[in-house]
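Undergrad: Sequence and predicted model, in that order:
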Amino acid sequence: NGWNNTGIIHLNLQQYAEALQCYQTSIQIRADDAATWYKQAIAHQALGQLDDAILGLDRSIELDPRHTLGWYRRGNIHLLRREYEAALADYEVALKLDPDRASAWNSRGNCLLELNRLDNALFSFEQATGLDPENPEFWFNKGRVHSSLQEWEKAENCYQHARGLTQPDW
């Protein structure tokens, strides 16, 4: 509907309050559209309204349990809130639905690193760098695990690789 499309424009312009109003109106018209609930959650998250973002993602996932980005974004919010087990559970579902999503492997690795599950974190970062070898963040995170494991040479190699993919001052 037109409200949904206008919300998309406001999201792209980073006008999150306006986008939120559009999505709320769109949901009043059609409450069973998972994509609109998802986009509303994006606006809530951008406005720092994490509880509302989680509620929107819950509804989006309820309406479309195969929506990978819904699971992934909800995992990211749980990670921000240091709710590591909840984040990990969401990343597991996202990766089951789309095992080639490098960003989900990276986020899963960050979650596992916080839980001090270093071998599993390393595996996740290896998956991320294998799927997207040009992403310096993934290499940096892989280096963090090697540092935690006191594998100094491997850590330095990862950090050097990350620096080689970025600006000189990184």
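TA: Looks like it arrived, so ask away.

Undergrad: Once you drop chain neighbours, what's closest to Glu18?
TA: Nearest residue to Glu18, sequence neighbours excluded (CB to CB, 6 or more residues apart in numbering): His10, at 4.2 Å. The C-beta positions use only the backbone N, C-alpha and C, and glycine is treated the same way.

Undergrad: Same check on Val145?
TA: Closest to Val145 by CB to CB, 6+ apart is Leu122, at 4.5 Å.

Undergrad: Which residues lie in contact with the one you found in this structure?
TA: The neighbourhood of Leu122, defined by CB atoms under 8 Å, 6 or more residues apart in numbering, consists of Gly109, Lys142, Val145, His146, Leu149.

Undergrad: who wins for most neighbours among those?
TA: Compared across the contacts of Leu122, Gly109 has the highest neighbour count, 28 neighbours, by other CB atoms under 10 Å.

Undergrad: didn't that one look like it was pressed against Asp119?
TA: No. Applying CB atoms under 8 Å as the test, Gly109 and Asp119 come out as separate, 11.0 Å apart.

Undergrad: With Leu57 as the reference, measure out to Gln28.
TA: 19 Å (CB to CB, to the nearest Å).

Undergrad: who's more crowded, the two?
TA: Taking other CB under 10 Å, Gln28 and Leu57 do not tie; Leu57 has more neighbours (30 against 9).

Undergrad: show me where this protein has strands.
TA: In the chain, no strands are defined using DSSP state E.

Undergrad: Show me where it has its helices.
TA: Using DSSP state H, the helices of the chain run over residues 2-12, 16-29, 34-46, 50-63, 68-80, 84-97, 102-114, 118-131, 136-148, 152-164.

Undergrad: Turn the ones you listed into JSON lines, columns for mean pLDDT.
TA: Compiled in JSON lines, the helices of the chain are given as follows (pLDDT from 0 to 100):
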{"stretch": "helix 2-12", "mean pLDDT": "95"}
{"stretch": "helix 16-29", "mean pLDDT": "96"}
{"stretch": "helix 34-46", "mean pLDDT": "97"}
{"stretch": "helix 50-63", "mean pLDDT": "98"}
{"stretch": "helix 68-80", "mean pLDDT": "97"}
{"stretch": "helix 84-97", "mean pLDDT": "98"}
{"stretch": "helix 102-114", "mean pLDDT": "98"}
{"stretch": "helix 118-131", "mean pLDDT": "98"}
{"stretch": "helix 136-148", "mean pLDDT": "97"}
{"stretch": "helix 152-164", "mean pLDDT": "96"}
